[in-house]
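sequence first, predicted coordinates after that:
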Amino acid sequence: MLPGISTACLYPLRTEESLRTLLALGPKCLEVFVNAEIELDDTFLRELRVMADNAGAKIVSVHPYISAMEHMFFFSHYPRRFVEGLEIYRRFFKAADILGADSLVFHGDYQFSGMPREEYFERFGRLWEEAGKYGISLCQENVSRCQSGRADFIAEMRKALPDVEYVLDVKQTVRAGEDLWNMVEMMGEKIKHIHISDHNSEESCLPPGQGVLNIPKLLDNIGKIGFSGGVIVELYGENFGDIVELSDSFQHLCRLLSTYS
């Protein structure tokens, strides 16, 4: 398991500045949150890759800034949007490839859209196949406002698409009112990537080590199913005070993960 951080933590700092700041904390892996169309430029992406390579870190995943529009691109009743959305996402697949990442994080359709799950899985499968042409795994993340926020949805998706991999997001299980351990069980050995955070009875997203999450239990559970990917700290700016607090939390995670290296 590799301790990492997402550039999303420092939003709205520019992506390259976020990456540079986070690399100083010594992560072994990172997630890059692409925040603007200009950041899909090949030259820009290669510069980010060099920054990570020079620091001895690996960019393992990419998160598109247009995730909230996936329901409109891929799950509407207007076929042209799917074709157009696929063309847009080819640029993100290419971006991930340039960065050396092997995963793209996907939110999907909203929970109450009314689209049958069977049709969702068929459309996702088409996207997943296209991502594979670039060597990228399109990973379904559990997101509270989306169909994917429910563990029973994940269970059905695994049956329909047995090769698809998943992003386990701890804070999203809390916000969806789902049981974390059940979500881990439903995703099982197909967990590719983890967004870790802590929480308590009042806050759904806190720095690791500042809440009630039993992090050793989580690491034990995912270790038993053979997980060896990135455990990525993904917070929002309002969830921590300054870079020192973020660094302290990340180092706490690193100490816990050192047992599993």
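Received, thanks. Numbering: from 1, shown residues only.

which stretches in the stretch 101-250 of the chain count as helices?
Counting by DSSP state H, counting those that start in this stretch, the segments of the stretch 101-250 of the chain that form helices are 117-132, 151-160, 170-176, 180-187, 215-224, 243-257.

buried residues in stretch 77-95, which are they?
Within stretch 77-95, the residues that count as buried by 16 or more other CB atoms under 10 Å are 82, 85-86, 89, 92-93, 95. Where you see a C-beta, it was placed from the backbone N, CA and C, and this is true even at glycine.

avg pLDDT for it?
Stretch 77-95 shows a mean pLDDT of 97.

roughly how far is it from the heart of the chain?
When C-alpha coordinates are averaged (CA atoms, centre = their mean, to the nearest Å), stretch 77-95 and its chain have centres 19 Å apart.

ok so, going back, in helices only, show me the buried residues of stretch 77-95.
Cross-referencing these against helices under DSSP state H gives 82, 85-86, 89, 92-93, 95.

output those in CSV; the columns should cover distance to I38.
Conversion of those to CSV gives the following (distance: CB to CB, whole Å):
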residue, distance to I38
F82, 25
G85, 20
L86, 21
Y89, 17
F92, 14
F93, 18
A95, 12
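
just these now: which is nearest H195?
Sorting those by how near they are to H195, with CB to CB, puts F92 at the top with 17.8 Å.

list the contacts for the residue nearest to A55 when sequence neighbours are not counted?
Spatial nearest neighbour of A55, chain neighbours left out: L23 (4.3 Å); criterion: CB to CB, 6 or more residues apart in numbering. Under the criterion of CB atoms under 8 Å, 6 or more residues apart in numbering, the neighbours of L23 are 30, 51-52, 55, 57.

which one of those has the most neighbours?
Ranked by neighbour count under the definition other CB atoms under 10 Å, the contacts of L23 are headed by L30 with 28 neighbours.

what distance do you get for H193 to I136?
H193 sits 12 Å away from I136, taking CB to CB, to the nearest Å as the criterion.

between the two, who's got more neighbours?
The neighbour count for H193 versus I136, taken as other CB under 10 Å, is higher for H193 (26 against 23).

just give me the neighbour total for the residue nearest to the more buried one when sequence neighbours are not counted.
Excluding the flanking residues, the one nearest H193 by CB to CB, 6+ apart is V167, at 4.7 Å. Taking other CB under 10 Å as the criterion, the count of residues near V167 is 30.

what pLDDT does V167 get?
At V167, the predicted lDDT confidence score is 98.

is it in a bridge, and if so with what?
With DSSP bridges applied, the residues forming beta bridges to V167 are E141, H193.

what about it, distance to S137?
Using CB to CB, V167 is found at 10 Å from S137.

got any residues that touch both of the two?
Taking CB under 8 Å, 6+ apart as the contact definition, V167 and S137 share the neighbouring residues 103, 192.

next, V212: phi, psi?
Per-residue torsions, V212: phi -110, psi 0 (degrees, to the nearest 10).

ok, back up a step: list the contacts for the residue nearest to H193?
Residues in contact with V167, defined by CB under 8 Å, 6+ apart, are 61, 103, 105, 139-142, 191-195.

which of the helices or strands spans the closest residue to E84 other than its chain neighbours?
Distances taken as CB to CB, 6+ apart place F73 nearest to E84, at 7.1 Å, with adjacent residues excluded. The secondary structure element spanning F73 is helix 70-74 (assigned by DSSP states H and E).

that helix: which residues count as buried?
Judged by neighbour count (16+ other CB under 10 Å), helix 70-74 contains these buried residues: 70-71, 73-74.

what does stretch 144-153 give?
Residues of stretch 144-153 classed as buried: 144, 146-151, 153 (neighbour count, 16+ other CB under 10 Å).

repeat for stretch 56-63
In terms of neighbour count (16+ other CB under 10 Å), stretch 56-63 has its buried residues at 57-63.

Serialize these to JSON lines and add fields for pLDDT, distance to L257 and secondary structure.
As requested, those are exported to JSON lines (pLDDT from 0 to 100; distance: CB to CB, whole Å; DSSP: H, G, I helix; E, B strand; the rest coil):
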{"residue": "A57", "pLDDT": "97", "distance to L257": "15", "secondary structure": "coil"}
{"residue": "K58", "pLDDT": "97", "distance to L257": "15", "secondary structure": "strand"}
{"residue": "I59", "pLDDT": "98", "distance to L257": "18", "secondary structure": "strand"}
{"residue": "V60", "pLDDT": "98", "distance to L257": "14", "secondary structure": "strand"}
{"residue": "S61", "pLDDT": "98", "distance to L257": "17", "secondary structure": "strand"}
{"residue": "V62", "pLDDT": "98", "distance to L257": "22", "secondary structure": "strand"}
{"residue": "H63", "pLDDT": "98", "distance to L257": "21", "secondary structure": "strand"}
